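1. sequence? don't have it. structure:
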């Protein structure tokens, strides 16, 4: 008996369309009708005589596309379901930040600053030969001692309410910025002339202090200005000038003190060639 090959007819092996549940199980290898160009043949064929496609590969490709489309739809549905949850989380975070900022503003009170009793002298550039220092008196008892009636300072009338208590000419100051001596005549060999002014001044205000030295010929030899903000009613300022024998001359010099451009004091001092 001869072996006969039995080819399944369309009734025996129906074409399985991609995207169906059966498509995942089986894809036909031949058919009488081409699924691409709809060519009808008398016998089944695995390769279409009209368009040349391979039936099995064509149906597998359609199956893969259908599965890919189904997977994309599932992913899109998952993303859509997660979007409202993410939006709700962002809104909750923003509300928490807003409530936290309001609580911080309510619980934090602004701090008020108070003036400090800083007795240190302001720094002066090293290139300057002259120094202006504004510092409160470090001697507590000095605030209650009235000016010496035998040598009252030459306080000029002013609109600032400033009164000079004492003016001292010296050869230097100590570590507390107080004069080391009280000279009626300043010698050249001292190398320096220092003037220390103690005054009564309305505190808690901003001032501009200016000290000037004029030599015996009336030539300006020192002109120093510096800002000052006294924190006490009794305040001190001091200035110095380094002697230069090639330029400076002995004689009666003058010291002038100005505050905010208004002259407060003018005192003479003798510079002697010793």
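-> Good, I have the coordinates. Here the structure is a predicted model, which means the values were calculated and not measured.

2. Tell me who's in contact with residue 248.
-> 188, 215, 221, 271 (CB atoms under 8 Å, 6 or more residues apart in numbering). The C-beta positions use only the backbone N, C-alpha and C, and glycine is treated the same way.

3. what's the spacing between it and residue 257?
-> Residue 248 is 20 Å from residue 257, where distance means CB to CB, to the nearest Å.

4. can you pick the most crowded of the contacts of residue 248?
-> residue 271 (23 neighbours; other CB atoms under 10 Å).

5. From the contact counts, what lies against the one helix or strand that residue maps to?
-> Per DSSP states H and E, residue 271 falls inside strand 262-272. Packed against strand 262-272 by the contact rule (3 or more CB pairs under 8 Å, 6 or more residues apart in numbering; DSSP states H and E) you find strand 163-170, strand 185-187, strand 192-200, strand 251-259.

6. ok, now with 7 Å
-> strand 163-170, strand 185-187, strand 251-259 (3 or more CB pairs under 7 Å, 6 or more residues apart in numbering; DSSP states H and E).

7. Which parts of the chain are strands?
-> Assigned by DSSP state E, the strands in the chain fall at 31-33, 40-45, 131-136, 163-170, 185-187, 192-200, 207-214, 220-228, 234-242, 251-259, 262-272.

8. mean confidence score for the first one?
-> When you say that, I think you mean strand 31-33. Average pLDDT, strand 31-33: 71.

9. which residues does the nearest residue to residue 220 once chain neighbours are set aside bridge with?
-> Nearest-residue entry for residue 220: residue 214, 5.8 Å, with adjacent residues in sequence omitted and distances by CB to CB, 6 or more residues apart in numbering. Bridge pairing for residue 214 (DSSP bridges) gives the partners residue 220, residue 254.

10. Please report the distance of residue 214 from residue 193.
-> Residue 214 is 12 Å from residue 193, by CB to CB.

11. okay, these two: which has more neighbours?
-> residue 193 (26 against 18).

12. Hmm, the more buried one is touching residue 241, no?
-> Yes. Under the criterion of CB atoms under 7 Å, residue 193 makes contact with residue 241 at 5.2 Å.

13. quick one on the thing from earlier: can I get the contacts of residue 248 in a markdown table including pLDDT and distance to residue 160?
-> Formatted as a markdown table, the contacts of residue 248 follow (pLDDT from 0 to 100; distance: CB to CB, whole Å):
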| residue | pLDDT | distance to residue 160 |
| --- | --- | --- |
| 188 | 84 | 35 |
| 215 | 93 | 28 |
| 221 | 94 | 26 |
| 271 | 93 | 30 |
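
14. farthest pair in the residues you listed?
-> 188 and 221 (13.2 Å; CB to CB).

15. How about the contacts made by residue 42?
-> With contacts defined as CB atoms under 7 Å, 6 or more residues apart in numbering, residue 42 has no neighbours.

16. again, but for residue 171
-> Contacts of residue 171 (CB under 7 Å, 6+ apart): 180-181, 183, 186, 190, 192, 194.

17. follow-up on the earlier one: pretty sure the residue nearest to residue 220 sits against residue 249.
-> No. Residue 214 is not in contact with residue 249 according to CB under 7 Å; the separation is 11.4 Å.
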